[in-house]
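Engineer: Predicted model, plus sequence, below.
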Amino acid sequence: MPEAYYQDGGVNQEKRFSVAMQRYRDSGAGDKMNPFAEQEAWEEHQIGKATLKYGSKDRKQNSDDFQFVFEDQIDFIKASVMDGVNFEDEVPAESLDKSMEKSAFEKLQEDRKTLPIYAYRDELLQAVDNHQIGCTQPRRVAAMSVAARVSQEMGVKLGHEVGYSIRFEDCTSEKTLLKYMTDGMLLREFLGEPDLAGYSVVMVDEAHERTLSTDILFGLDIARFRPDLKLLISSATLDAEKFSDYFDSAPIFKIPGRRFPVEVHYTKAPEADYLDAAIVTALQIHVTQPPGDGDILIFFTGQEEIETAEEILKHRTRGLGTKIPELIICPIYANLPTELQAKIFEPTPEGARKVVLATNIAETSLTIDGIKYVIDPGFCKMKSYNPRTGMESLLVTPISKASANQRAGRSGRTGPGKCFRLYTAYNYYSDLDDNTVPEIQRTNLANVVLTLKSLGIHDLLNFDFMDPPPAEALLKALELLFALGALNKLGELTKVGRRMAEFPLDPMLSKMIAASEKYQCSDEIISIAAMLSVGSSIFYRPKDKQVHADTARMNFHTGNVGDHVALLKIYSSWKETNYSTQWCYENYIQVRSMKRARDIRDQLEGLLERVEIELMSNSNDLEPIKKAITAGFFPHSARMQKNGSYRTVKHPQTVYIHPTSGLAQVLPRWVIYHELVLTTKEYMRQLDQRKCLAVQDARLRIELSGAEGRFRDAHCSWIKENVSRCRTNDSRIASEPFLEEELVSVKR
DNA sequence: GAGCACTGC
């Protein structure tokens, strides 16, 4: 390859890296980054180029073999081997052979004894008395499958001694001693029973993932009411000391894991276009390595990249005809319909090779057998939250070292693997953070704060978070909850707030439900809330059928009813077809999302009863429905400007109606929106006309903007000091015309 | 006239 190609490519790639970093920083999430990092990176990279030129001797030979096939190739440098953990030593081959003749149960028992943790068995078991053990997992599937495996090993029926508990599904009984559950489920149980009386041991698995729920549970010090409660934290990271310190120097057991060694290769120079580089690398592997020795997994950031990569790959392999063995392309991302997802689990036919194009879903959530090669461009999409503007956005961001290693490890599950990183060793060591920023530091905390308040935690600023979120984010959350009427001026939970905390939803959605009591339309409102909380994945929009999908969607907008009512219409229409799958296909709607909406709706219906809100329907009149929506979403108000754009009220900025909205042509003077998304512009999504509210709702906001409406948290001096700053923002929540209209009616 | 990573309750 001519050097010039790399140099040029290098510049572009650095640009790409720095653009991603810049956006990340602008979002407010990356403040801690060194502003000179890029320049240093560039300099170091130049030095690196000089020193990293030795190395891949075998590459030359390989490249000669297929020079005729490709014009472009990519130089990789084998930099390191991630050790496998003596897999073969622990399970001698002969014992595996022998076990083949034994019964499945005996084999399981034998396998079990070879696990490294077996040595700690007695010690851990001493902790167990006559209560049950709870073990949390970050994902539902994991909780279910681990429970199934353990019940098999113990030779008991799932749901008896060993069970699991996840949202919508409780597979436990009175007999259950060992309960696998999602961490969110344990948090919900904790809300109802803070002493966790039913448990003697709680084990938090995969704690390094640092989910919102585990971070809250840790901060709550779940064992504080229970000196006898044993807490086990299991984490795959090397910074066990951090966990140990946090839990008052708790003892650390280092238990080796099991994995085959993985060779890590870096590019010699940064790549101009990682998508193209990934495809070239995949083809290089496919052509030079014997078919049948293993499949390829490439990590992309999203659906769009995956679809593009799929097209390019098809095009290029078609051009090569029979010169190369068959390459089966398998896209996988969460929004892909389930039937199409199944393809990646089909065994690869003899003589062919599979290339899996995946999002982060393949990093932790699902494992694919037979992967030997991983190609890692080093990016992912990550949600970040800017507490200054209150904006959430999804940004393409460089991954962390931990994430890069997790990805590499995906190639070493069934045998020794290789990972090709499409960035330099320098990029890895200097540009990537060690760990992914925990979710609690990059999310809107409204729901977290409501949860903590409902547990009677008032001093949020001094709450013992393992990694505290920005104080500004806490303040924003408090403000919002106050504006919604969930907190009083002393920062205490109100009756509405207590009701809201019962719902596993964003507080604005919970408030909308609480308000539906007054407007007598709780039936419709919980359908809307369920549809909104399923999110944007309701519509399936494949690249080749976008027009059809869009036409189908617009059918629900007839009459300019607004997007919330359109969602209600979708849900009701589906219900009328008796939840027909066929109906979903015809309307380009994801069956999975609709089923999820139904599950959520059922749960909400149950919770309505719990907070004593009657299920009432008022489907003939949209007015009360829209009022209830406004009662929850008034903090997301925007007013039309002369040119058809909108100005948000709370943090004044110019935003636009998303073109997929039913109101895109209508342009109401005032709107409320469900969310803002930053893509090519700032777009409002799921929006509706704003309605006037009843007088008592308005009064709350008048107080809020007035001098007596100062927001205080009796236990938190920091908040007090910042009251003046809150106030300016608060007055904008309760902005003029919204109140004007109501004040007029009050004066009359 | 657009384009949404992944979880969880």
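Structural biologist: Everything's here; your move. Numbers count the residues shown, from 1 in each chain, chains lettered A, B, ... in the order given.
Engineer: element containing A:G606, please.
Structural biologist: Here A:G606, judged by DSSP states H and E, is contained in helix A:591-610.
Engineer: Which strands or helices does the helix or strand that that helix is followed by pack on?
Structural biologist: Going down the chain from helix A:591-610, the next helix or strand is helix A:622-633, by DSSP H and E. Secondary-structure packing of helix A:622-633 (3 or more CB pairs under 8 Å, 6 or more residues apart in numbering; DSSP states H and E): helix A:507-516, helix A:522-534, helix A:563-576, strand A:670-678, strand A:682-689. Every C-beta, even on glycine, is put in place using the N, C-alpha and C of the backbone.
Engineer: pLDDT on the helix holding A:G606, on average?
Structural biologist: Per-residue pLDDT over helix A:591-610 has a mean of 93.
Engineer: Kindly provide the distance from A:H564 to A:M512.
Structural biologist: Remark: distance between A:H564 and A:M512 (CB to CB, to the nearest Å) = 9 Å.
Engineer: oh, I was asking about A:V534
Structural biologist: 15 Å.
Engineer: returning to what we had before: same list (the helices and strands packed on helix A:622-633) but as JSON lines, adding mean pLDDT.
Structural biologist: As requested, the helices and strands packed on helix A:622-633 are exported to JSON lines (pLDDT from 0 to 100):
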{"stretch": "helix A:507-516", "mean pLDDT": "94"}
{"stretch": "helix A:522-534", "mean pLDDT": "94"}
{"stretch": "helix A:563-576", "mean pLDDT": "93"}
{"stretch": "strand A:670-678", "mean pLDDT": "87"}
{"stretch": "strand A:682-689", "mean pLDDT": "90"}
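Engineer: and A:I457, which of the ones you listed is closest to it?
Structural biologist: A:I457 lies closest to helix A:507-516 among the helices and strands packed on helix A:622-633, at 16.0 Å (CB to CB).
Engineer: Pull out the buried residues from stretch A:545-557.
Structural biologist: Using 16 or more other CB atoms under 10 Å as the test for burial, stretch A:545-557 gives A:A549, A:A552, A:R553, A:F556, A:H557.
Engineer: can you redo the residues you listed as TSV with secondary structure?
Structural biologist: TSV is the format used below for these (DSSP: H, G, I helix; E, B strand; the rest coil):
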residue	secondary structure
A:A549	helix
A:A552	helix
A:R553	helix
A:F556	helix
A:H557	helix
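Engineer: quick one: which of those residues is nearest to A:I613?
Structural biologist: Proximity of these to A:I613 (CB to CB) peaks at A:F556, which lies at 27.0 Å.
Engineer: just to revisit the earlier point, from the neighbour counts alone, determine which of A:V534 and A:M512 ranks first.
Structural biologist: The residue with more neighbours, out of A:V534 and A:M512, is A:M512; 29 against 22, by other CB atoms under 10 Å.
Engineer: give me every residue that touches that one.
Structural biologist: With contact taken as CB atoms under 8 Å, 6 or more residues apart in numbering, A:M512 is in contact with A:I525, A:I528, A:A529, A:A628, A:I629, A:A631, A:G632, A:F633.
Engineer: try A:T214
Structural biologist: Counting by CB under 8 Å, 6+ apart, A:T214 makes contact with A:T136, A:P138, A:D183, A:V204, A:A207.
Engineer: what's the closest of the residues you listed to DNA strand B?
Structural biologist: Among the contacts of A:T214, A:P138 lies closest to DNA strand B (CB to the nearest atom of the strand), at 6.1 Å.
Engineer: Tell me if I'm right that that closest one and A:E209 touch.
Structural biologist: Yes. Contact criterion CB atoms under 8 Å: A:P138 and A:E209 qualify, at 5.1 Å.
Engineer: Just send the contacts of A:T214 back as CSV, with pLDDT and secondary structure too.
Structural biologist: Formatted as CSV, these follow (pLDDT from 0 to 100; DSSP: H, G, I helix; E, B strand; the rest coil):
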residue, pLDDT, secondary structure
A:T136, 91, strand
A:P138, 86, coil
A:D183, 91, helix
A:V204, 90, strand
A:A207, 89, helix
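Engineer: near DNA strand B, which residues of the stretch 151-300 of chain A show up?
Structural biologist: A:I166, A:R167, A:T182, A:D183, A:G184, A:M185, A:L187, A:R188, A:T211, A:L212, A:S213 (CB under 7 Å from any atom of the strand).
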